[in-house]
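Q: Would you be able to build a 3D model of this:
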Amino acid sequence: MIDLENTYKTLTSRELTHEQKLMGLAKCAENALDVLNIPPRTKHFFETGAINDLFEGGAPYRPRYILPDYEKFVKQGSEFLKLSPPKTLDELIFSLMILYRHVPSITNFPVYLGSLDKMMEPYLDGHTDEEIREKLRLFLTYLDRTITDSFCHANLGPEDTRAGRLILQVEAELKNTVPNFTIKYDPAVTPDSFMEQAIQCSLDCSNPAICNHPANRAPFGDQYGVASCYNILPTQGGAYTLTRVTLTELVKEAKDEAHFLNELLPECLGLIADYMNERIRFIVEKSGFFESNFLVREGLLSKDRFLGMFGVTGLAECVNALMREQGKKYGHDPEADDLGVRIMERINTLVPQYKALYSPITGGQFLLHAQVGLDSDQGITSGVRIPIGDEPASFADHLRHSARFHHYFPAGVGDIFPIASNVHQNPAALLDVVKGAFSLGVQYMSFYSADTDLIRITGFLVKRSEMERYRKHETVLQNTTQLGAPNYDKNHLAERKVRMA
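A: All right, here's what the predicted structure looks like:
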């Protein structure tokens with residue numbers, strides 16, 4: 001049944017743009033369909049919040065995250081879009097602008113724009129730096145104004161390129177919300193000067209985040225992209241679906257640690273696997289996506305390079321609940337952190353036992369992902385992070401804690417650190433922090449200056465100024481502002497501990 005009240009509320013909203021209303025009404029129609037077989041026990045965990053499918057909708061008609069092979073597109077053009085392979089920088093930018101308009105995802109916008117520096121580098125000869133910067137200003141502004149959802153990622157590195165440096169220069173100037181950039185960092189490949197420029201840019205405008213390239217290339221080799229909220233996924237493919245276990249809510253049914261680890265956790269995780277397979281089966285066998293979409297026909301996507309993402313969130317509150325009588329806290333006491341490891345080891349043992357349909361790229365398995373949270377989450381800490389406002393006093397201790405948990409998540413995990421504004425004078429010091437953190441096993445980290453307008457919410461970017469407009473019930477261009485503002489307030493993101501002060 002269509003939720004008529006929510007449909008009417010969307011239709012008559014004064015706070016949504018026309019495009020946002022259109023997408024909201026489409027979601028209402030999709031949720032009116034009942035095409036998935038969901039057992040009563042699964043429904044129970046949905047009702048308690050222990051299982052959450054992150055608004056994927058009642059009838060999936062496309063994969064959640066799509067990462068086309070953009071480099072192949074550049075080489076061959078597109079018959080469907082009537083585009084020849086680009087010969088000039090202008091033609092390349094023009095072709096990408098057209099293609100992005102036709103790349104779907106859960107957000108209805110592309111969540112991955114490719115490695116922009118690699119695609120652009122061959123087209124820069126014959127242009128001055130200023131000519132290129134002007135083209136980049138127009139291109140990046142176009143992306144920010146038309147992809148009005150900041151779950152949109154572009155990648156840089158690990159190689160040092162002229163294109164990469166110019167993109168960083170323009171990004172620092174524009175301070176746009178979209179795209180969300182990640183630089184792939186490999187100490188054996190990426191020179192310090194390039195990384196220091198990237199870190200300076202991040203302190204100026206919260207972009208780019210930094211990916212530990214040697215650690216994250218393990219599942220798919222070099223053929224991976226960072227999409228949406230630090231999702232590590234294969235290019236020419238992506239993720240069918242992402243459903244999470246919210247440990248914060250699941251632990252509320254636990255009698256003790258043994259009951260949680262040996263009964264509740266296996267039951268809930270098994271039901272999540274079954275539920276994701278229901279979604280995967282419908283996408284592959286019923287939706288017609290892989291038979292009809294030109295991205296598949298032209299070899300930019302392959303069904304064999306998609307997988308299911310098994311999300312985990314709220315480990316901190318789960319551990320704290322089980323350790324309450326002992327008075328031990330996650331991120332502070334060794335006993336609590338050891339319990340966190342036991343929980344993750346249990347999850348890491350159980351999840352590979354579940355068969356994932358139509359997922360040959362992972363050997364028929366789901367991959368774990370540290371899910372970043374929702375605007376509706378309250379008192380639920382993203383992934384395996386330490387609760388905001390309760391971070392260790394020592395930055396080094398915080399990073400050592402992160403390193404202990406990051407390796408469990410081949411499909412993406414990350415931490416966010418506000419940095420004192422005085423560090424602008426010494427990005428080399430922050431690069432030393434990155435090198436040390438990555439040597440410990442941290443897989444992904446992002447910074448923003450504590451006093452910048454553009455900040456990271458969970459894994460996406462929102463401007464403080466835009467959130468203020470939204471709070472005044474004004475329409476805002478980026479629909480992620482509507483997600484970021486309540487999350488920022490409810491979860492006290494302003495209280496994140498500022499580092500290197």
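Q: CA only for contacts and neighbour counts going forward, please
A: Will do.
Q: what ranges of the protein fall below the confidence cut-off?
A: Confidence mapping of the chain against pLDDT under 70 gives the ranges 1, 501.
Q: Where is the longest helix in it?
A: If you go by DSSP state H, the chain has its longest helix at helix 265-285.
Q: Name the next helix or strand following that helix along the chain.
A: Per DSSP states H and E, the first helix or strand lying C-terminal to helix 265-285 is helix 289-292.
Q: Tell me the gap between that following helix and the middle of its chain.
A: 25 Å (CA atoms, centre = their mean, to the nearest Å).
Q: now stretch 191-201
A: 22 Å.
Q: Send me that stretch as CSV with only the CA atoms.
A: Extracted as CSV, the C-alpha positions of stretch 191-201 are listed here (Å, rounded to 0.1, in the frame of the first residue of the first chain):
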residue,chain,number,x,y,z
PRO,A,191,55.8,11.9,-3.4
ASP,A,192,55.6,13.8,-0.1
SER,A,193,55.1,17.1,-2.0
PHE,A,194,51.9,15.9,-3.7
MET,A,195,50.6,14.5,-0.4
GLU,A,196,51.4,17.7,1.4
GLN,A,197,49.4,19.6,-1.2
ALA,A,198,46.5,17.2,-0.7
ILE,A,199,46.6,17.6,3.1
GLN,A,200,46.7,21.4,2.7
CYS,A,201,43.7,21.2,0.4
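Q: what sits up against that stretch?
A: 160, 165, 168-169, 171-172, 183, 185, 207-208, 424, 427-428, 430-431 (CA atoms under 8 Å, 6 or more residues apart in numbering).
Q: So which of these sit within strands?
A: Within the contacts of stretch 191-201, residues falling in strands by DSSP state E are 183, 185.
Q: Just flag the most distant two among the contacts of stretch 191-201.
A: Pairwise distances across the contacts of stretch 191-201 peak at 21.4 Å for 160 and 424 (criterion: CA to CA).
Q: just to revisit the earlier point, from the contacts of stretch 191-201, keep the buried residues only.
A: For the contacts of stretch 191-201, a burial check counting by 16 or more other CA atoms under 10 Å picks out 160, 165, 168-169, 171-172, 183, 185, 207-208, 424, 427-428, 430-431.
Q: Can you tell me which of the residues you listed lies closest to residue 329?
A: residue 430 (28.1 Å).
Q: give the contact list for the closest one.
A: Residue 430 touches 199, 423, counting by CA under 8 Å, 6+ apart.
Q: count of residues packed around residue 294?
A: When neighbours are defined as other CA atoms under 10 Å, residue 294 has 18 of them.
Q: contacting residues for it?
A: residue 80.
Q: Also the one 3 residues further on?
A: Contact partners of residue 297, counting by CA under 8 Å, 6+ apart, are residue 291.
Q: before we move on, back to that, elements contacting the longest helix of the chain?
A: Helices and strands touching helix 265-285, by 3 or more CA pairs under 8 Å, 6 or more residues apart in numbering; DSSP states H and E, are helix 40-48, strand 237-246, strand 306-313, helix 334-350.
Q: Could you dump these into a markdown table with distance to residue 55 and mean neighbour count added?
A: Formatted as a markdown table, these follow (distance: least, CA to CA, whole Å; neighbours: other CA atoms under 10 Å):
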| stretch | distance to residue 55 | mean neighbour count |
| --- | --- | --- |
| helix 40-48 | 12 | 14 |
| strand 237-246 | 9 | 26 |
| strand 306-313 | 14 | 28 |
| helix 334-350 | 23 | 16 |
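Q: Throw those into JSON lines and include distance to residue 414, thanks.
A: Converted to JSON lines, the helices and strands packed on helix 265-285 look like this (distance: least, CA to CA, whole Å):
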{"stretch": "helix 40-48", "distance to residue 414": "26"}
{"stretch": "strand 237-246", "distance to residue 414": "16"}
{"stretch": "strand 306-313", "distance to residue 414": "12"}
{"stretch": "helix 334-350", "distance to residue 414": "16"}
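Q: Any idea which of the ones you listed gets closest to residue 259?
A: helix 334-350 (12.0 Å).
Q: helix or strand for residue 488, which one?
A: helix 480-490.
Q: Thanks again, I'm all set now.
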